[in-house]
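Peer 1: Quick one: sequence and predicted model below, then my questions.
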Amino acid sequence: MASQTPRRVARPRSEDQHAAAFSQLSLFESEAAEVPPAPATLEEIRQVFIAGEALEEPFSKEQEEISALPQPEQEERQVPAPLPDMAVLPEPGMLAWPFASPPEPLARAIERCVARLSGSSIGGSRDAGFWQLVYLLCAKQAEERHAKEWPKRFFTNQKEAKKEQGAQSIAERILPLFEQVKTAYPGLFSEGETLQLQASTLAPLVLALCDQDLFGSELDPFGAAYQQWAGARAREWRAQFFTPLGVAYFVVSLLQPQAQERVLDASCGAGVFFRALQTYRRYYLSGMAALLEEAGHSIPAEELQQELTAYMRSCVYGADLDGTLIRLARLQLSLLDGDPEHVYHMDSLAFPQEAEASVQEQIPQGSLDLIVGNPPYSLPVTDPAILGRYELARVWKRRGETGWMPTDQLQRSVPTEVLFLEQALNWLKPGGRMALVVPESLLSNPGTTYARYWLMKHAYLLASISLPGETFQAQSHTGVHTGVLVLRKMTAAELEEEEKASRNYSIFMAVAERVGYDSRGRTIYARTPDGELLHRAGERQVDNDLPAILASFWRFQTSGEVDPPLPALEAPIEPSKDDSNPLEAS
C-alpha cells in the first residue's frame, strides 16, 4: 500500500511480504478469535459521564457494540484483541508523542559527564565514578518528580560553574539534595552511599545536566549512562542491546495497559520499559483528566498521582540476570514510584525451578496480563537442565507440507530469543498479551520455522512491525534488524478450536522507516519533497514514523482494517500545548 505523499509515513506490509516473513504458516487461513469484553475502565469512564450528564451520547452505537463477542459462524474478519480504552478518546492530544525533546540533547549531556568522570579516580575505583553519576541523575530526577514540594537546587550557569566559589555553592546545594533523596526513598540507598565528588568536579556535571528535562526526554538516562560507561564491546559480549525509550514507549502503547493489568519485563536491563509504562499511564491519566475537565468534572492532581503510584507499585514487575542492571532497574522503578522489591535478580529462563519461593508466589506462571521487553538476542542456551523445560528446545520434524511435530530429542543449542517467546507465553494468563522486540531473523530464518509454527498454534498474532536498522545503532552500536511482535495467548477453548481448524483473522503489518534519529544518534527532522523543514506549532517536526503507526494500529484494532498511510501533516500526533498538565512534574 503506497503512501499518499512523497514522504512515506508507514507502509503496511503486503500479504506476500507477510507470508515470506512467516514462511509456511497458514496465517491467512485461520478464523477470527473471540474479542474479549471491553476493559473495566471503559465502564468506569462511562459511569463518570453518565452521572455528570456530560455528553448527550457518551458512546455511539458502534462503540457500544464493538466489544460484543462474534458468533463462531460469522464470516467477518475480526481482530482478536480487547477494545482499547483509548479508542473512545480520539482527540489529537490523546495520541500525542509524549516526549518534549528528542534523545540527542540528554545523550550529549551524559556523554560529557562520562568523559569528565572516566578520567577521575574516586575512592580508588574506576566504576565509583559511574555510581556518582547515577546518584546525580537520581537527585535530578527526584527533584523533577517533587518539583511542587521541594525547593529547586539543581541549577547553575556558566559563570557560577567556572568560579571556585561558585562551584562550592553548587556543591552546597546538590549534596543536601541527594541526602533528601535518600530520606524520601528509605531503603533504596545504604548509609554509605553518598556524593563524594569534589566541588570542582561536580560543578561541570551539574552544568551539563541542569537544563535537561529527564521526564520530558526521549532517552532513559540510567540506561544511557550505563551504555556509555560500559563500552560497546562489553555490551555486545553480554548481548545487551538496550531499547531506546521511544521504542519502549511504542511497544508499551501497542498493548495499552489497563489500570489493573500486571505487566512483567523478564529481561528488564536498566528499566527502560518501567519508564515507558509510567509515561504511558501518566499521559493517559492526564488526558482523561483533561477530557473530564472539559465535561465539567475536576480531578485533583493528587488523586491522579495516587492512581499512577498505585499502578506502578502494584502492577509493574521486572527481572534480569545482571546484578549491576538490577541495581539500576530498582533505582529507576523506585524513582517512578514503583516497588523495587518487584525487580528480581534471576535467570528468567530458569524460572520457576531456580527462583526463590517468594518470587514464584508473586509472579507464578499463568498469572500475568502483559509481557513487554527486548530479550537478549543470539546468545546460545546450551544447558540441558534449562533446555529440557522448553518445547521449543526439542528437535522438531516436519509433518505434512506445512506442519511440524516435536521429538523427544533435545537440540544442543537454542537462541535465547526463541526460549523467551515460549517463557513469555508461559507467564501470561489465557487471553494475556505481549509485545516484544525481536530480531527479524526470528521471523524469517528457515531454522526457526518450527518456532513460528508453534507460536501460531498457541497465540494470535496481532501485529508485526519492522524497525529500521538505525534503531539500535546510536545507543548500542549494533545494526541488527529488529521488529515488534504483538501477540495474544489463546484461551483453552481457543486452543481446542485451533486443533480442529486454524482460524482466520486480520493482522496489522507496518514498516517504520524513521525513528527520529540517524545511526549516530543525531536528531532528524521531517522535510517536504523540496527539502524544506516541516514545522508544527512553531517547532521543527521530528521525522519519526512510530506515532503514526501507533495511531493507525489503535484504529485498526477497532476497525479490523489497516488504515491507508497517513499524510505527514494529518497524523493525529500533535502534542497538546496545554500547560496545565496536572502530572507534568510527576
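Peer 2: Good, I have the coordinates. Here the structure is a predicted model, which is why all the values come from computation and not from measurement.

Peer 1: Buried residues in stretch 352-360, which are they?
Peer 2: Neighbour-count burial for stretch 352-360 flags 352, 355, 359 (criterion: 16 or more other C-beta atoms under 10 Å). To be clear about C-beta, it is placed using only N, CA and C from the backbone, and glycine gets the same treatment.

Peer 1: what about it, start to end distance?
Peer 2: Using C-alpha to C-alpha, to the nearest Å, one end of stretch 352-360 lies 6 Å from the other.

Peer 1: which residues of the stretch 251-400 of the chain fall in strands?
Peer 2: Remark: strands assigned in the stretch 251-400 of the chain by DSSP state E, counting those that start in this stretch are 263-265, 316-320, 343-345, 368-373, 380-381, 394-399.

Peer 1: Please tabulate these in JSON lines, including the columns mean pLDDT.
Peer 2: Formatted as JSON lines, the strands of the stretch 251-400 of the chain follow (pLDDT from 0 to 100):
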{"stretch": "strand 263-265", "mean pLDDT": "98"}
{"stretch": "strand 316-320", "mean pLDDT": "98"}
{"stretch": "strand 343-345", "mean pLDDT": "98"}
{"stretch": "strand 368-373", "mean pLDDT": "98"}
{"stretch": "strand 380-381", "mean pLDDT": "94"}
{"stretch": "strand 394-399", "mean pLDDT": "94"}
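
Peer 1: Any idea which of these gets closest to residue 524?
Peer 2: Judged by C-beta to C-beta, the one of the strands of the stretch 251-400 of the chain that comes nearest to residue 524 is strand 368-373, at 26.3 Å.

Peer 1: Show me which positions of that closest one end up buried.
Peer 2: By neighbour count with 16+ other C-beta under 10 Å, strand 368-373 contains the buried residues 368-373.

Peer 1: right, and out of those, which lies closest to residue 512?
Peer 2: residue 372 (17.6 Å).

Peer 1: Can you give me the distance of the closest one to residue 515?
Peer 2: 18 Å (C-beta to C-beta, to the nearest Å).

Peer 1: what's the answer for residue 151, then?
Peer 2: 38 Å.

Peer 1: same question, residue 553
Peer 2: Counting by C-beta to C-beta, the separation of residue 553 from residue 515 is 16 Å.

Peer 1: ditto for residue 178
Peer 2: Distance from residue 178 to residue 515, by C-beta to C-beta: 34 Å.

Peer 1: who's more crowded, the two?
Peer 2: Set side by side, residue 178 and residue 515 show unequal neighbour counts under other C-beta atoms under 10 Å, the larger going to residue 515 at 24 against 20.

Peer 1: Contact partners for that one?
Peer 2: Residue 515 sits next to 244, 246-247, 467-468, 470-471, 544-546 when contact means C-beta atoms under 8 Å, 6 or more residues apart in numbering.

Peer 1: Now with 7 Å, please.
Peer 2: Residue 515 makes contact with 246-247, 467-468, 471, 544, 546 under the criterion C-beta atoms under 7 Å, 6 or more residues apart in numbering.

Peer 1: can you give me the strands in the chain?
Peer 2: 263-265, 316-320, 343-345, 368-373, 380-381, 394-399, 403-410, 414-415, 428-439, 459-466, 482-489, 508-511, 535-536, 539-540 (DSSP state E).

Peer 1: Would you mind pulling up the elements that the second one packs against?
Peer 2: Using 3 or more C-beta pairs under 7 Å, 6 or more residues apart in numbering; DSSP states H and E as the contact test, the elements touching strand 316-320 are strand 263-265, helix 272-294, helix 323-335.

Peer 1: Comparing the ones you listed, which comes out most buried?
Peer 2: Neighbour counts (mean count of other C-beta atoms under 10 Å) averaged over each of the helices and strands packed on strand 316-320 peak at strand 263-265, with a mean of 28.

Peer 1: Neighbouring strands - and their directions - for that one?
Peer 2: Sheet pairing for strand 263-265, assigned by DSSP bridges, gives strand 316-320 (parallel), strand 368-373 (parallel).

Peer 1: Pull the residues that contact that strand.
Peer 2: In contact with strand 263-265 (C-beta under 7 Å, 6+ apart) are residues 257, 273, 277, 315-318, 363, 368-373, 427.

Peer 1: swap the cut-off to 6 Å and go again
Peer 2: Outside strand 263-265, the residues within contact range by C-beta atoms under 6 Å, 6 or more residues apart in numbering are 257, 273, 316-318, 368, 370-373.

Peer 1: correct me, but residue 177 touches residue 139?
Peer 2: Yes: using C-beta atoms under 6 Å, residue 177 is in contact with residue 139, at 4.8 Å.

Peer 1: neighbour-wise, which of these two wins?
Peer 2: When residue 177 and residue 139 are compared on other C-beta under 10 Å, the one with more neighbours turns out to be residue 139, at 25 against 20.

Peer 1: For that one, give me its contacts.
Peer 2: Residue 139 makes contact with 177-178, 181, according to C-beta under 6 Å, 6+ apart.

Peer 1: Kindly recompute the last result at 10 Å.
Peer 2: Going by C-beta atoms under 10 Å, 6 or more residues apart in numbering, residue 139 touches 153-154, 173-182, 195, 206, 209.

Peer 1: That one and residue 133, how far apart?
Peer 2: Residue 139 is 11 Å from residue 133, where distance means C-beta to C-beta.

Peer 1: between those two, what contacts are shared?
Peer 2: Common contacts of residue 139 and residue 133 (C-beta under 10 Å, 6+ apart): residue 209.

Peer 1: Give me the common contacts of residue 177 and residue 139.
Peer 2: What both residue 177 and residue 139 touch, as defined by C-beta under 10 Å, 6+ apart, is the set 153-154, 195.

Peer 1: What residues does residue 112 make contact with?
Peer 2: Residue 112 makes contact with 204-205, 207-209, according to C-beta under 10 Å, 6+ apart.

Peer 1: Show me which pair in those is furthest apart.
Peer 2: 204 and 209 (9.8 Å).

Peer 1: burial measure for residue 554, as a count.
Peer 2: 22.

Peer 1: correct me, but it touches residue 254?
Peer 2: Yes: between residue 554 and residue 254 there is a contact under C-beta atoms under 10 Å: 8.8 Å.

Peer 1: can you tell me the average pLDDT over stretch 505-518?
Peer 2: Across stretch 505-518, the average pLDDT comes to 89.

Peer 1: In that stretch, which residues are buried?
Peer 2: 505-512, 514-518.

Peer 1: Roughly how far does residue 364 sit from residue 427?
Peer 2: 9 Å.

Peer 1: Now the common contact residues for these two.
Peer 2: Residues within reach of residue 364 and of residue 427 at once, by C-beta under 10 Å, 6+ apart, are 351-352.

Peer 1: the more surrounded of those two?
Peer 2: Shown here are residue 364 and residue 427; by other C-beta under 10 Å, residue 427 has more neighbours (25 against 13).

Peer 1: Setting aside sequence neighbours, what's the nearest residue to that one?
Peer 2: Closest residue to residue 427 apart from its sequence neighbours, by C-beta to C-beta, 6 or more residues apart in numbering: residue 368 at 4.9 Å.

Peer 1: which ones are touching the one you found?
Peer 2: With C-beta under 10 Å, 6+ apart as the criterion, the residues that contact residue 368 are 261-264, 266, 315, 317, 424, 426-429, 432-434, 489.

Peer 1: repeat for residue 387
Peer 2: With C-beta under 10 Å, 6+ apart, residue 387 has these contacts: 349, 381, 393-394, 410-414, 419.

Peer 1: burial of residue 250, as a residue count?
Peer 2: By the criterion of other C-beta under 10 Å, residue 250 has 28 neighbours.

Peer 1: picking up where we left off before, which one of the strands paired with strand 263-265 lies nearest to residue 536?
Peer 2: Using C-beta to C-beta as the measure, strand 368-373 is the one of the strands paired with strand 263-265 that comes nearest residue 536, at 29.2 Å.

Peer 1: related to what we said a few turns ago, how near is the residue nearest to residue 427 to residue 319?
Peer 2: Taken as C-beta to C-beta, the span from residue 368 to residue 319 is 12 Å.
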